[in-house]
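K.L.:
sharing a model that was predicted from the sequence below.
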Amino acid sequence: MHANEAFPLVDVSGTPFERGLAHGRQVPERVARSLALYRTQLDRRGVSSERQQALARRMVPTIEAFDATYLEEMRGIAEGANVTLEDVVIINCRTEMMYGHDEIGEARKALDDGCTGLIVMPQASTNGRLLHAHNWDWRAECADTGIVLRMRRDDGPDLLVFTEAGTLGRHGINSAGLSLSGNFLTSDRDYVNASEANTPLSLIRRRMLDSTSLADAMKALWNTRRYASNNLMLADARGEAVNLECAPDEIFWLTPTDDLLVHANHWLCPVARTKLRDLGLAKSPDSIYRQRRVTAGLNIGRERFGKIDWTVIKGVLADDFGSPVGVLRVPRKVSFDSIAATVCTTLMDAADGVLWIARKPYESREFVEYRLR
């Protein structure tokens, strides 16, 4: 992969504002693309530019109440990229703004997010380390808005995260040995009691990655009330992992079975399935076979080689059964004149402080290495 085809590495340090300023200054064109993508998506859903700005302003006090330093980092991004604070809020709160307001209620009937994640415990891996991997399925344009953010700081663990330019974090690792990825989930509780919510999903992920222990990361999650459902896969490189299926007001958990955790885009916890109505399977029933095929592929690799390595994981995440809606998703038209695809495949080794990321994996299986240290 040529250097100009890889996701750019954005190095930041200093105070929250200084980190944001460096972020915005290094990739202003990508921040502009992120903003254009979500402004267009909102416009197609019937939300005018004026209404977008008003909704963003409404989110500012919520962000500040959750963590004032996150708002300072957003202010820095805005100044560095020469956009407004409201613009940066739109990028960071895109899920809540695209699906969570009365004027775009119809948009919630066209949910088309994806993602498939997996964790292999050290006992089952060839190198004896915990292996965490993820396919991010979303808008194809994000292949040109994605960045790898490396954050060195004194007020928390260092971070190495993949994210969209202009946002505070999506999935990745920290210097405390934690790794995190997120998968789309939806239920009949989403946005029903939005007035009780206190945290956008993107900031929850960032807060968990800011944690120095597995327990603190989970505590951070349990102390939020969310606008919508989401699945989070959280691991500690020392050998522990948990899958957290989050409804807006309740969290259900799964732990590894036979040293494996796999999650696609439907509710798996038996308790959750008795309490919630899964709204996602009507649009993405492929989640059922993606879940099974990744689990089976990992077990086949273990039977064949004795342990699971990155080659096996790359293979299962490149599975194209059911194309264009396989584990690996090729570009296809979806709702609101959009194109969806697997934007990237990410391999995470938090013990070694490294990410390997393949951009547009449906075109190239070449992985670029990014190091925390």
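P.N.:
All right, it came through fine.
K.L.:
what mean pLDDT does the helix or strand harbouring residue 11 have?
P.N.:
Using DSSP states H and E, residue 11 sits in strand 9-13. Predicted confidence along strand 9-13 averages 98 (mean pLDDT).
K.L.:
flag every buried residue along the top helix by length along the chain.
P.N.:
For the chain, the helix with the greatest residue count under DSSP state H is helix 286-305. For helix 286-305, burial by neighbour count (16 or more other CB atoms under 10 Å) applies to 286-287, 289-291, 293-295, 297-299, 301-302. Bear in mind the C-beta positions are built from the backbone N, C-alpha and C, glycine included.
K.L.:
how about stretch 51-71?
P.N.:
Using 16+ other CB under 10 Å as the test for burial, stretch 51-71 gives 51-52, 55-56, 59, 62-63, 66-67, 69-71.
K.L.:
what of stretch 35-50?
P.N.:
35, 37-39, 41-42, 45, 47.
K.L.:
got it, and stretch 7-19?
P.N.:
Buried residues in stretch 7-19, counted by 16+ other CB under 10 Å: 7, 10, 12, 16-19.
K.L.:
pLDDT added to the buried residues of helix 286-305, as TSV?
P.N.:
Formatted as TSV, the buried residues of helix 286-305 follow (pLDDT from 0 to 100):
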residue	pLDDT
286	96
287	97
289	98
290	98
291	98
293	98
294	98
295	98
297	98
298	98
299	98
301	97
302	97
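K.L.:
lowest-pLDDT helix or strand in the chain?
P.N.:
helix 94-99 (a mean of 77; mean pLDDT, DSSP states H and E).
K.L.:
and the longest strand along the chain, which strands flank it?
P.N.:
Using DSSP state E, we find that the single longest strand of the chain is strand 338-349. Partners of strand 338-349 in the sheet, by DSSP bridges, are strand 131-139 (antiparallel), strand 332-334 (antiparallel), strand 354-359 (antiparallel).
K.L.:
looking at those, spot the one closest to residue 93.
P.N.:
Nearest of the strands paired with strand 338-349 to residue 93, taken as CB to CB: strand 131-139 at 15.5 Å.
K.L.:
need the next SSE after that closest one, C-terminal direction.
P.N.:
Scanning forward in sequence from strand 131-139 by DSSP H and E, the next helix or strand is strand 146-152.
K.L.:
measure how the next helix or strand after that next one sits relative to strand 354-359, angle-wise.
P.N.:
Reading on from strand 146-152 to the C-terminus, the next helix or strand found by DSSP H and E is strand 159-164. Counting by axes from the mean of the first three to the mean of the last three CA atoms, to 10 degrees, strand 159-164 lies at 10 degrees to strand 354-359.
K.L.:
run the chain-centre distance for strand 159-164.
P.N.:
From the chain centre to the centre of strand 159-164 is a distance of 9 Å (CA atoms, centre = their mean, to the nearest Å).
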